[in-house]
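Chemist: need a 3D model of the sequence below.
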Amino acid sequence: MKTLARLGLVLAVSSLAALPACGKEENLHDPVLLEFPHAFPEAPRPLLVQRAPAWTTGHPIAATADHLFVTDRDNRELVRLDRRTLARDGAVALGARPEVLVVADDGAIFVTLRNGEVLRVSPTLAIEARRKLGTEAFGLALSPDATTLYVTLPLERELHTLDVADLSEVATPVTLLDTPRGVAASPNGFLLVVHQFAGALKVDVDDDNLPLEVVSESHLRIGNPADHLEGFRLRGLRSARALSAAISPEDGSAFIAHITAAPGTEDDFLNSTLNVTTPDGTTTSSDGYGSSVPSASFPIPTRPVEVTVTATDDLGVPHLVESEFPVQDVLTGEPLHHLVDQPSDVSHHPSWSLLFITGYGTDNVLVLSTAEGDPMRSPLALVDVGRAPRGIAFSPDGETAYVLNEHDLSVSPIDLTPFFSLTPMADGRTVFGSGATDSMPRPAAAFPEGASMDAAGMPFMAGSDPTPESPRVRPFRLQASKAKAYGVDPLPAAVRNGARTFTFARNENLSHAGQFACGTCHFEGTEDKLVWFITDGPRQTPALAGRLAGTAPFNWAGSEDALQDNMSQTIERMGGKGLDRATLADLEQFLLYGLEAPKNPNLAPDGRLTPEQAAGKAIFEDRTVGCSSCHRPEQSFTDGMKHDVGTASKVELARFEFERAMNPEAVPPWRLNTPTLKGLFYTAPYLHDGSAATLHEVLERTAETMGKTSHLTEVQKDQLIAYLLTL
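Modeler: All right, here's what the predicted structure looks like:
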């Protein structure tokens, strides 16, 4: 209760069991007590109707009246559990890594595999049908009437439509945007396909559930409600990591869980280097992680990466962002949504206005109210679960949620009945508090313009009283019941420990104040396609999976010959206190042997090249072109050297001019480490600052500086690129 006393808050709900401030031994982050006004969330309400069955979008876990079904990615199995006892009562080997599943009303189970297959499995766990669709299958949904199956292929950028009986294709694949992931089928007659990097597409379907055409594109929201308050300066915000969507059973609208990031801007880079004070009276951060800084008049920080939700109506149009102060966590004093990292799944409750987001990097579940308006204005609760929660499902009666914890290979049940009897605040209005104590005076700057004081001395906003339909309640904490294992961990201890370090964000040894982890930017070892303005300059996040072994030295500057030393340098830049050698060694094992690189859709299964690719290989190896002189095939397509190929950005050139004016002997930092060419098919954009959208653009910009390609015809360039995309 010491933390609560310091905050001067009484936010516990008497019927709920609150967690200790550091409920887990490995939660190494000391609470950061922030002083800012805070709001209270809207109360949830029962849904008026229930139109969307659970199978309208896929999840890693599904519940029926008697069973739970779990996709065990580590053991390549579909596991069945008794829903009431959580005892394992069956499994079937799938032969490849499973992703998500749905269970139809007749008990048939459909599963996507990361080798590009889709399976139909009987309730007795017999594989009834399987179909190969492409390189990798990910998202999955059934039409509301359970007659049609929809599957996304991220690498081919396609949506496939299948008959549930035999998995035959019943429509021409729909071409999508960059890296489609989740798909959700609305009872309003459309599909919403979410993309890891490119927002969402609405696809209309006809009366037979067949896709007609892409009718609209929805952009992911940028920033959270508190970020949009007057006086708060936003710099360079981006959105990414959209993996799944949930359909509201009541009105068929959709909710997309993803992240919003503040990688900074060119101005941040210049100002931090020169220690320049901005017009609003602040000095920008010098680390490049979290360059979106608060103004002097409103001290609410935007973290480098925050979880958020884009809510769309039935037209696929995002709801407008409504400004609001953040909801404050009952235990740490931080904004509640700051305590969730790496959103992995989102699911709407079947009968209440509750939205659940699993935090893969923080071992918890964020619960939001969707009663009305923007759900990010109303975080209700944080539920502590097992390690690396990857999916969530609900019992048929809606009283229990089940969370799949991937690193524990376990399932955590959550009693949801406390959400159904929350007591609205007695005064019936939105109240704001600063989180300060008598020994910590409340700064006037922390109060919004036009705020008044209530009887308790807390400020509240004129005109912000909730309507009778949306009373406010107090946020709270819950802890899931004891988890039950569904399988045996097959990974070596070092690799599992490394996976844990890679994923778990609330570790101040890894990042400042436990703000993020490796997995925050490197989803499954890939990249976020963001350019971060660190002190070295604009640097895009590099992909890791399948691209580290034999490619030393590391980082864009090529400053570290050993992978562990490079990890330590990165951790220092992230503001972490540092990892011991044993932990670094385990993390290295995971990076080298635990990450699975995406399958290459441009390469035949037998590795043979097409005539076009073979012609490109010959061009690549031609000494007059010079590609292989630096990108040596025998050295993992790098030479371990640094070169100046004329790709310095304008902001780097500008900074150097300032530095040279102060120091005439300053050395231009244009020489960059030769990157490996492995995985080019999934690592666009290119160059150190992500300024080349395509390989064609790379060849044009470096025609005389990176080898020599200026003499190649367009056909030859196409052939060369066709070969590069096979690496």
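
Chemist: so which residue is smack in the middle of this protein?
Modeler: residue 241 (3.7 Å; Cα atoms, centre = their mean).

Chemist: not counting sequence-adjacent ones, nearest residue to that residue?
Modeler: Nearest non-adjacent residue to residue 241, counting by Cβ to Cβ, 6 or more residues apart in numbering: residue 259, 4.5 Å away. C-betas here are computed from N, CA, C, even on glycine.

Chemist: quick check: that neighbour is in a helix.
Modeler: No: assessed with DSSP: H, G, I helix; E, B strand; the rest coil, residue 259 is strand; it does not lie in a helix.

Chemist: ok, it to residue 529 distance?
Modeler: Residue 259 sits 12 Å away from residue 529, taking Cβ to Cβ, to the nearest Å as the criterion.

Chemist: hang on, the earlier thing: hmm, the residue nearest to residue 241 is touching residue 237, no?
Modeler: No: between residue 259 and residue 237 no contact is recorded; they are 10.6 Å apart, counting by Cβ atoms under 8 Å.

Chemist: how about the helices in the protein?
Modeler: Chain-ordered helices for the chain, with DSSP state H as the definition, fall at 2-7, 266-274, 493-503, 518-521, 563-573, 581-589, 611-621, 627-630, 650-662, 695-701, 714-724.

Chemist: can you say which of these is nearest to residue 368?
Modeler: Distances from residue 368 to each of the helices of the chain were compared using Cβ to Cβ; the shortest belongs to helix 518-521, at 20.3 Å.

Chemist: by contact count, what packs against that closest one?
Modeler: Counting contacts by 3 or more Cβ pairs under 8 Å, 6 or more residues apart in numbering; DSSP states H and E, helix 518-521 packs against helix 493-503.

Chemist: taking their axis directions, the helix it packs on and helix 563-573 sit at what angle?
Modeler: Between helix 493-503 and helix 563-573, the angle comes out at 30 degrees (axes from the mean of the first three to the mean of the last three Cα atoms, to 10 degrees).

Chemist: distance of residue 625 relative to residue 699?
Modeler: When distance is defined by Cβ to Cβ, residue 625 is 10 Å away from residue 699.

Chemist: can you list residues touching both of the two?
Modeler: Between them, residue 625 and residue 699 share the neighbouring residues 709, 712, 720, with contact defined by Cβ atoms under 8 Å, 6 or more residues apart in numbering.

Chemist: show me the contacts for the first one.
Modeler: Read it as residue 709. Listed by Cβ under 8 Å, 6+ apart, the contact partners of residue 709 are 625, 699, 702, 703, 717, 720.

Chemist: also the last one?
Modeler: The contact partners of residue 720, taken as Cβ under 8 Å, 6+ apart, are 616, 619, 620, 625, 627, 699, 709, 712.

Chemist: repeat the analysis, applying 6 Å as the threshold.
Modeler: Contacts here follow Cβ atoms under 6 Å, 6 or more residues apart in numbering; on that basis residue 720 touches 616, 619.

Chemist: any idea of the pLDDT on it?
Modeler: At residue 720 the predicted local distance difference test score is 96.

Chemist: so it versus residue 598, what's the distance?
Modeler: Using Cβ to Cβ, one obtains 22 Å as the distance from residue 720 to residue 598.

Chemist: the first one now?
Modeler: Between residue 709 and residue 598 the computed distance is 27 Å (Cβ to Cβ).

Chemist: returning to that earlier point: so the residue nearest to the centre of the chain touches residue 256, yeah?
Modeler: No: using Cβ atoms under 6 Å, residue 241 is not in contact with residue 256, being 10.4 Å away.

Chemist: I'd like to know which helix or strand in the chain has the lowest mean pLDDT.
Modeler: Ranked by mean pLDDT, DSSP states H and E, the helix or strand of the chain with the weakest confidence is helix 2-7, at a mean of 25.

Chemist: what about the strands in the stretch 201-350 of the chain?
Modeler: Here the stretch 201-350 of the chain has its strands, by DSSP state E, counting those that start in this stretch, at 211-218, 238-247, 254-261, 305-312, 343-348.

Chemist: let's have these in TSV, adding mean pLDDT and distance to residue 665.
Modeler: Listed next are those as TSV, based on pLDDT from 0 to 100; distance: least, Cβ to Cβ, whole Å:
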stretch	mean pLDDT	distance to residue 665
strand 211-218	86	51
strand 238-247	92	37
strand 254-261	93	37
strand 305-312	92	38
strand 343-348	97	48
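
Chemist: next, format those as JSON lines and append distance to residue 685.
Modeler: Written out in JSON lines, the entries for these read as follows (distance: least, Cβ to Cβ, whole Å):
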{"stretch": "strand 211-218", "distance to residue 685": "20"}
{"stretch": "strand 238-247", "distance to residue 685": "13"}
{"stretch": "strand 254-261", "distance to residue 685": "16"}
{"stretch": "strand 305-312", "distance to residue 685": "19"}
{"stretch": "strand 343-348", "distance to residue 685": "24"}
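
Chemist: which one of those lies closest to residue 544?
Modeler: Evaluated over the strands of the stretch 201-350 of the chain, closeness to residue 544 peaks at strand 238-247, with 15.6 Å, by Cβ to Cβ.

Chemist: just want the angle from the closest one to strand 343-348.
Modeler: Inter-element angle recorded for strand 238-247 and strand 343-348: 40 degrees (by the same axes, to 10 degrees).

Chemist: per-residue pLDDT, the closest residue to residue 488 other than its chain neighbours?
Modeler: Distances taken as Cβ to Cβ, 6+ apart put residue 409 closest to residue 488, at 7.0 Å, once the chain neighbours are dropped. Per-residue confidence (pLDDT) for residue 409: 98.

Chemist: ramachandran angles for residue 409?
Modeler: Backbone torsions of residue 409, given as degrees, to the nearest 10, read phi 50, psi 60.

Chemist: picking that back up, closest one to residue 502 out of the shared contacts of residue 625 and residue 699, please.
Modeler: The shortest approach to residue 502 among those belongs to residue 720, at 34.7 Å (Cβ to Cβ).

Chemist: any idea how far apart the tips of stretch 154-174 sit?
Modeler: Stretch 154-174 has its terminal residues 12 Å apart, counting by Cα to Cα, to the nearest Å.

Chemist: what comes into contact with it?
Modeler: Where contact means Cβ under 6 Å, 6+ apart, the residues beyond stretch 154-174 that reach it are 118, 120, 129, 131, 133-136, 138, 147, 149-152, 176, 179-180, 193, 210-211, 601.

Chemist: change it to 7 Å
Modeler: 104, 108, 118, 120, 129, 131, 133-136, 138, 146-153, 175-181, 183, 193, 203, 210-211, 214, 598-599, 601 (Cβ atoms under 7 Å, 6 or more residues apart in numbering).

Chemist: how about stretch 498-515?
Modeler: Judged by Cβ under 7 Å, 6+ apart, the contacts made with stretch 498-515 from elsewhere in the structure are 26-30, 32, 303-304, 341-342, 360-362, 388, 407, 516-520, 571, 574-579, 583, 586-590, 594.

Chemist: residue 120: neighbouring residues, count only.
Modeler: Applying other Cβ atoms under 10 Å, we find 21 other residues in the vicinity of residue 120.

Chemist: quick one: it from residue 73, how far?
Modeler: The spacing between residue 120 and residue 73, counted by Cβ to Cβ, is 19 Å.

Chemist: same deal with residue 590?
Modeler: According to Cβ to Cβ, residue 590 and residue 73 sit 15 Å apart.

Chemist: who has more neighbours, the two?
Modeler: Under the neighbour definition other Cβ under 10 Å, residue 590 and residue 73 were set side by side, and residue 590 has more, 24 against 19.

Chemist: now for the more buried one: which residues touch it?
Modeler: By Cβ under 7 Å, 6+ apart, the residues touching residue 590 are 495, 498, 499, 502.
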